[in-house]
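Q: next one to model:
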Amino acid sequence: MAKFRLDSIADLARQLAFSPHTARMAQLTAAEELLHLIDPAKAYPPEFIVYRITGYRPKGLNPFKGNSPHLLTGLALQHDLGLLIEQVSQTLDLRTTDLAEPVLSIDGVTQKFNVTSKTIQRWRRKGLPSRRFEFGDGKKRVGFLLSSVERFFGAHRQQLAGGVNFTLVAEPELNEIVRRARRMAVQGGCNAREIALRIGRRLQRSPLTILHTLRKHDEEHPDQAILPLAAQETSAAERERAARAYRHGVGLSELARRMGRGRVEIYRAVLEQRIAKLVRRRIRFIDDPLYHGAGAAAAVEAIASQEELAMAESQKAEAMRIPRDLPPYLRAL
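A: Numbering: from 1, shown residues only. Purely as a prediction, here's the structure:
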């Protein structure tokens, strides 16, 4: 289950759950409107966020100037506002049959744009608002207002164009994908992910679109299925073993020969292990207006160099510290 990244937004979501039904509906609409306007590269004062959603302005605070010394990063706000909208909508018991405008399910969006559900999840993290609806079958699922989907794609079409091709896969291109995938699976010994990456790069398509197209082909033509012919994915133990051997000086070609894998696959396994190791590190980020000003890189570098000097001085002082239990005659020395 997704968790809030900002404590202030988590508290706000809990408070909105106790608002009257009519006020909650208005706050939900305001939060969705705000989510469309958030710039992930900027930072916002908490008072501004509260004011835009609830209309409440604390005395002595100007939500548009930001009296709070703490700012909320736009990237974290995109994630948390989407989660707030979904949680608050859960308390409203919204039904698709009660709304005037159409509601798209996740499957509806994937079919409309020929993408996978994982792509939809990435779009939600980029600011595509989603709500919890009760659909016609009586089950509650995530849904998207058609107006919200159209507004999101209108604002982010250029950014998303690099990750997905919005045009449908025509018959000639489908045949080309199937031909290349079969050759790479049978003759090249590639796994499904490697096939999707290579064909996507060749045809300027998203790898997930390629994988989705191949899965659809296999479902429609089970006697000519391609993905079962592909090599198995490297396991976590194999990736760890490859990364350890590479750190000890074993080359990629030698590793590929030992493990019976392609050189590119071994390289990607080693790279993923490095990335996973970096991701596991706990790094605390505190936003500051300094980071958004001109010459921020030079200022941070200057501060970092001063901290190194200060650390060196503190270590030197620590080395010269006299123990408390030292006898007086030795302390004098």
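Q: my guess is Glu194 contacts Ile266, does it?
A: No - contact criterion CB atoms under 8 Å: Glu194 and Ile266 do not qualify, at 11.2 Å. Every residue, glycine included, has its C-beta placed from N, CA and C.
Q: who has more neighbours, those two?
A: Each of Glu194 and Ile266 has its neighbours counted (other CB atoms under 10 Å); Ile266 has more, 27 against 22.
Q: helix/strand/coil for Ala245?
A: Following DSSP: H, G, I helix; E, B strand; the rest coil, Ala245 is assigned to helix.
Q: burial count for it?
A: Ala245 has 17 nearby residues by other CB under 10 Å.
Q: what's the answer for Leu128, then?
A: Other residues near Leu128 number 23, with proximity taken as other CB under 10 Å.
Q: any idea which helix or strand carries it?
A: When elements are assigned from DSSP states H and E, Leu128 belongs to no helix and no strand.
Q: please report how far the nearest residue to it once chain neighbours are set aside lies from Ile120.
A: In this structure, Leu128 finds its nearest non-sequential neighbour in Phe152, 4.8 Å apart by CB to CB, 6 or more residues apart in numbering. Using CB to CB, to the nearest Å, Phe152 is found at 11 Å from Ile120.
Q: shared neighbours, those two?
A: Here Phe152 and Ile120 share the contacting residues Leu128, scored by CB atoms under 8 Å, 6 or more residues apart in numbering.
Q: quick one on the thing from earlier: ok, the residue nearest to Leu128 to Leu35 distance?
A: As judged by CB to CB, Phe152 and Leu35 stand 9 Å apart.
Q: shared neighbours, these two?
A: Gly127, Pro129.
Q: tell me which strands and helices the helix or strand encompassing Gln15 is in contact with?
A: Using DSSP H and E, Gln15 sits in helix 7-16. With contacts taken as 3 or more CB pairs under 8 Å, 6 or more residues apart in numbering; DSSP states H and E, helix 7-16 sits against helix 46-54, helix 74-90.
Q: how about those in TSV, adding distance to Ala302, mean pLDDT and mean neighbour count?
A: Output for the helices and strands packed on helix 7-16, formatted as TSV (distance: least, CB to CB, whole Å; pLDDT from 0 to 100; neighbours: other CB atoms under 10 Å):
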stretch	distance to Ala302	mean pLDDT	mean neighbour count
helix 46-54	30	90	20
helix 74-90	26	91	21
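Q: using TSV, lay out those together with distance to Arg179.
A: Output for those, formatted as TSV (distance: least, CB to CB, whole Å):
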stretch	distance to Arg179
helix 46-54	52
helix 74-90	40
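Q: what residues of the helix holding Gln15 count as buried?
A: Under the neighbour-count criterion of 16 or more other CB atoms under 10 Å, helix 7-16 has Ile9, Ala10, Leu12, Ala13, Leu16 buried.
Q: state the mean pLDDT of that helix.
A: For helix 7-16, mean pLDDT rounds to 91.
Q: what's it in contact with?
A: So helix 7-16 is contacted by 4, 24, 27, 46, 49-50, 53-54, 72, 77, 80-81, 83-84, 87-88 (CB under 8 Å, 6+ apart).
Q: farthest pair within the residues you listed?
A: Largest separation among the contacts of helix 7-16 by CB to CB: Arg24 and Leu72, giving 22.1 Å.
Q: more crowded one of these two?
A: Set Arg24 next to Leu72 and count neighbours by other CB under 10 Å: Leu72 wins out with 23 against 17.
Q: let me see the contact set for that one.
A: Contacts for Leu72 (CB under 8 Å, 6+ apart) come out as Leu6, Ser8, Ile9, Ala43, Tyr44, Pro45, Pro46, Ile49, Asp287.
Q: redo those as TSV? Include distance to Thr209.
A: Output for the contacts of Leu72, formatted as TSV (distance: CB to CB, whole Å):
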residue	distance to Thr209
Leu6	33
Ser8	38
Ile9	33
Ala43	34
Tyr44	34
Pro45	40
Pro46	39
Ile49	35
Asp287	35
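Q: can you give me the strands for the stretch 51-200 of the chain?
A: In the stretch 51-200 of the chain, the segments counted as strands under DSSP state E, counting those that start in this stretch are 72-73, 94-95, 103-105, 131-134, 140-145.
Q: okay if I get the ones you listed as CSV plus mean pLDDT?
A: Formatted as CSV, those follow (pLDDT from 0 to 100):
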stretch, mean pLDDT
strand 72-73, 90
strand 94-95, 88
strand 103-105, 88
strand 131-134, 90
strand 140-145, 89
